[in-house]
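Undergrad: Quick one, what's the 3D model for this:
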Amino acid sequence: VQLQASGGGTVQAGGSLKLSCAASGRTDNIYGMRWFRQPPGREREFVAATSWRGDTISYTESVKGRFTIARANAENTFFLQMNNLKPEDTAVYYCTAVLGDNWASPTLWGQGTLVTVSS
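TA: Sure thing, here's the model as predicted:
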């Protein structure tokens with residue numbers, strides 16, 4: 001499985017960005033997808049997750065109501081729609097794929113994409 005993330009950029013506070021993560025290769029081994037982020041000078045943190053079929057979705061508290069994780073219909077592309085962005089959302093965002101049959105299975109990391117939110 002290979003992951004290709006895109007969609008980062010610079011936006012003013014209150015604006016929106018949509019991150020994409022395209023999975024290729026043996027995608028039938030993917031249990032779920034997660035987005036993580038690493039703000040400048042801080043530890044990497046969980047942002048959102050969805051099972052491959054989209055029947056299990058979760059968010060970290062700070063993005064609930066503002067971010068939406070979703071899968072493009074019948075495709076191997078996942079999105080993270082980010083609305084009402086705040087300066088504290090500034091980070092390198094990583095898409096990841098959980099390979100196996102549960103959330104504790106090994107995780108494949110894609111390359112990061114930088115999101116900068118200016119005040």
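Undergrad: how about low-confidence regions in this structure?
TA: Scanning the chain for pLDDT under 70 picks out the ranges 74.
Undergrad: mind listing what's buried in the longest strand belonging to it?
TA: Assignment by DSSP state E gives strand 107-118 as the longest strand of the chain. For strand 107-118, the neighbour count (16 or more other Cβ atoms under 10 Å) marks 107-108, 110, 112-113, 115-117 as buried. Where C-beta positions appear, they are placed from N, C-alpha and C, glycine not excepted.
Undergrad: Farthest-apart pair in the residues you listed, please.
TA: L108 and V117 (27.2 Å; Cβ to Cβ).
Undergrad: Contacts only, for E45.
TA: For E45, the contact set (Cβ atoms under 8 Å, 6 or more residues apart in numbering) comprises 36-39, 60.
Undergrad: Report the separation between the residue nearest to the spatial centre of the chain and I69.
TA: The residue lying closest to the centre of the chain (Cα atoms, centre = their mean) is W35, at 2.8 Å. Using Cβ to Cβ, to the nearest Å, W35 is found at 7 Å from I69.
Undergrad: anything in contact with each of those two?
TA: With Cβ under 8 Å, 6+ apart as the test, W35 and I69 both reach 48-49, 80.
Undergrad: Kindly reformat the residues you listed as JSON lines containing neighbour count, distance to N102 and secondary structure.
TA: Converted to JSON lines, those look like this (neighbours: other Cβ atoms under 10 Å; distance: Cβ to Cβ, whole Å; DSSP: H, G, I helix; E, B strand; the rest coil):
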{"residue": "A48", "neighbour count": "23", "distance to N102": "18", "secondary structure": "strand"}
{"residue": "A49", "neighbour count": "19", "distance to N102": "13", "secondary structure": "strand"}
{"residue": "L80", "neighbour count": "26", "distance to N102": "22", "secondary structure": "strand"}
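Undergrad: Would you state the strands of this structure in chain order?
TA: Going by DSSP E, the chain shows strands at 2-6, 9-12, 17-24, 30-38, 45-51, 57-59, 67-71, 77-82, 91-99, 107-118.
Undergrad: same for the first one, what does it pack against?
TA: With contacts defined as 3 or more Cβ pairs under 8 Å, 6 or more residues apart in numbering; DSSP states H and E, the packing partners of strand 2-6 are strand 17-24, strand 91-99, strand 107-118.
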